[in-house]
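Asks: Pasted the sequence and its predicted model underneath.
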Amino acid sequence: MGNREALRDVVENYPLTDIRSLAAEEQPLLDRKGYQILHSPFSKFRDLGLPSIEGIKGDELKRRAIRTYLSAITETLRDHYDSTKAVRKATNQAYDKTPSIPLNDLPKEGIEVREQPISTAFNVHRDGSPNNFKRQLLYLLDPEEQLELAEKRVRLRLINMWRPVVDVETGPLALCDTRTVAEDDWEPVDKVFDDWVEESMYLKHNPSQKWYWLSNQTTDEVTTFVVWDSERPNDKNAAVAHCSFKLPDHLLGKVLRESIEMRVLLWTEPSEPPPAEE
C-alpha cells in the first residue's frame, strides 16, 4: 500500500471569494466557471412536513418525499438549461450526523437511484475521472443515446446538484473556477471499496487557482456543477474541483450540516452543430 501522506498537502489561509460579493456580470455560470447557484424553493419538500431529512419516518412517507424532491429538482435543472432530457443517475445523502433514510426499498423505475450516506469531504477532489465516467456510459445510455452522442447530435453533461436541507452553518462548499485549473493540477487516485475500485482525482495546489463559496447558503439555493462534459470528454479540468471547509469561529454556527446530492444526466443542444453529411 502506498504512503497516504503523499496525498496530503495542507494550504492554510487560502483566499476564498464570497459569491454574494460578486457583481451580476461576474456571477458563476455553468458554461463559464463550471458551476452555478440556482434558486429552487424547497417548499415542495417542506409541504410533506419534513423540515429536515431526519424528520422522515415511515416507508410511504420516505417514498413520497424522495419522489417529490427528485421530480421537482430534475424539472428545475431541465427547465433552467433548456434541456431536451434530464435523467437522474444517483442520489447521495451527505450528513454530519447519522442518516436515517434507506432508499433500498424505493422502486428503480429504470434509473439508478441509490442512497449512500457520506461524511463531509474536506479533501479537494472532483467526482470521478473522465475515464471512469466514460466506462459508466456503456451501461447508463441505451443504444440510441449512445449513437446520438457518438454523432455529436447532443451535448451530454453529468451535473451534480447539491442542496442543503437545513441552512448551512457548518462545512460550506468551496468550488474552484475551472478556467483557473491546469490539467497537470489533477492527480488520479484509486477509491477502494469492498467490492470495486473507482478512479477519482485529487487537486494539487496551484497559486493560479481561484476559489469561491456561498455564505449563509439556504435550502432554496442549489449548487450545480459539472462532473463530465461530452464536449470535453477527456479533459480533467472540465469538472469542478470542490470540497467542504471549516468556517472560522466567529462565523461558525451550531446546526450540523445536512444535504442531499443528486447527479443528473443533462442532454442539451450541442454548442456547435454536428458536421453536415457529405
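Replies: That came through fine. Please read all numbers here as calculations on a predicted model, not as lab measurements.
Asks: Just the strands from the stretch 1-150 of the chain, written as ranges.
Replies: 16-18, 35-39, 85-95, 118-119, 125-126 (DSSP state E, counting those that start in this stretch).
Asks: Quick check: buried residues in the second one?
Replies: For strand 35-39, the neighbour count (16 or more other C-beta atoms under 10 Å) marks 35-38 as buried. The C-beta positions use only the backbone N, C-alpha and C, and glycine is treated the same way.
Asks: nearest to residue 198, of these?
Replies: residue 35 (22.3 Å; C-beta to C-beta).
Asks: roughly how far apart are that closest one and residue 248?
Replies: Residue 35 is 23 Å from residue 248, where distance means C-beta to C-beta, to the nearest Å.
Asks: Kindly indicate which of the buried residues of strand 35-39 lies nearest residue 227.
Replies: residue 35 (10.7 Å).
Asks: Quick one: residues contacting the closest one.
Replies: When contacts are counted by C-beta atoms under 8 Å, 6 or more residues apart in numbering, residue 35 touches 28, 175, 223-226, 240, 242.
Asks: ok, now with 6 Å
Replies: 28, 175, 225, 240 (C-beta atoms under 6 Å, 6 or more residues apart in numbering).
Asks: hang on, residue 262 in a strand?
Replies: Yes - Residue 262: assigned to a strand according to DSSP: H, G, I helix; E, B strand; the rest coil.
Asks: partners of it in the sheet?
Replies: residue 91, residue 161 (DSSP bridges).
Asks: and if you look at the one 5 residues further on?
Replies: When bridges are assigned using DSSP bridges, the partners listed for residue 267 are residue 85, residue 156.
Asks: ok, now residue 224?
Replies: With DSSP bridges as the rule, residue 224 is bridged to residue 36, residue 161.
Asks: That one reaches residue 33, doesn't it?
Replies: No - using C-beta atoms under 6 Å, residue 224 is not in contact with residue 33, being 11.3 Å away.
Asks: what about these two, which has more around it?
Replies: Neighbours per residue (other C-beta atoms under 10 Å) separate residue 224 from residue 33, with residue 224 holding more: 26 against 22.
Asks: give the contact list for that one.
Replies: 36, 38, 159, 161.
Asks: And those residues, which is closest to residue 210?
Replies: Nearest member of the contacts of residue 224 to residue 210, counting by C-beta to C-beta, is residue 36, at 15.7 Å.
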